[in-house]
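K.L.:
here's my sequence, what's the structure:
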Amino acid sequence: MLGFPCNQFGKQEPGTNAEILAFATSKYGVTFPMFAKLEVNGERAAPLFRFLRDAQPNPDGTTPIPWNFTKFLVDRDGNVVKRFQPEVTPAQIEAALGTLL
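P.N.:
Reported below is the predicted structural model:
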């Protein structure tokens, strides 16, 4: 798991990268790598998120990420296997891995 902070969703991550990391580790016990804050939608979206969105659109065929905590499962070859909506937990993804790969 990797974390990519983004302030595009209700301006929930306005702090610096260091502040976001400190909050995520103290409040949620995050132990996975956290990257620098970036944009996931719009003209300034990071290339990684353009790739992820295009490879696995939303169920309705649109590509924008609707809310933070959207997750993407990527295999070891860099193929985007599945997009998970924000309400899907990492535990649910882990339970589904056997059927997805």
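K.L.:
residues in contact with the host helix or strand of R50?
P.N.:
Taking DSSP states H and E as the criterion, R50 maps to helix 47-55. Outside of helix 47-55, the residues within contact range by CB atoms under 8 Å, 6 or more residues apart in numbering are 4, 38-41, 45, 63-65, 72, 74, 79-80, 83. To be clear about C-beta, it is placed using only N, CA and C from the backbone, and glycine gets the same treatment.
K.L.:
residues of it that come out buried?
P.N.:
49, 52-53, 55 (16 or more other CB atoms under 10 Å).
K.L.:
got it, and stretch 35-48?
P.N.:
Applying 16+ other CB under 10 Å to stretch 35-48 flags 37-38, 40-41, 45 as buried.
K.L.:
residue contacts, W67?
P.N.:
Per CB under 8 Å, 6+ apart, neighbours of W67: 9, 86.
K.L.:
about what we covered before: adding pLDDT, distance to F9 and secondary structure, write the buried residues of stretch 35-48 out as JSON lines.
P.N.:
Shown next, in JSON lines, are these (pLDDT from 0 to 100; distance: CB to CB, whole Å; DSSP: H, G, I helix; E, B strand; the rest coil):
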{"residue": "K37", "pLDDT": "95", "distance to F9": "12", "secondary structure": "coil"}
{"residue": "L38", "pLDDT": "96", "distance to F9": "13", "secondary structure": "coil"}
{"residue": "V40", "pLDDT": "97", "distance to F9": "9", "secondary structure": "coil"}
{"residue": "N41", "pLDDT": "97", "distance to F9": "9", "secondary structure": "coil"}
{"residue": "A45", "pLDDT": "97", "distance to F9": "13", "secondary structure": "coil"}
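K.L.:
of all the residues you listed, which two lie farthest apart?
P.N.:
Farthest apart among those by CB to CB are K37 and N41. That separation is 13.7 Å.
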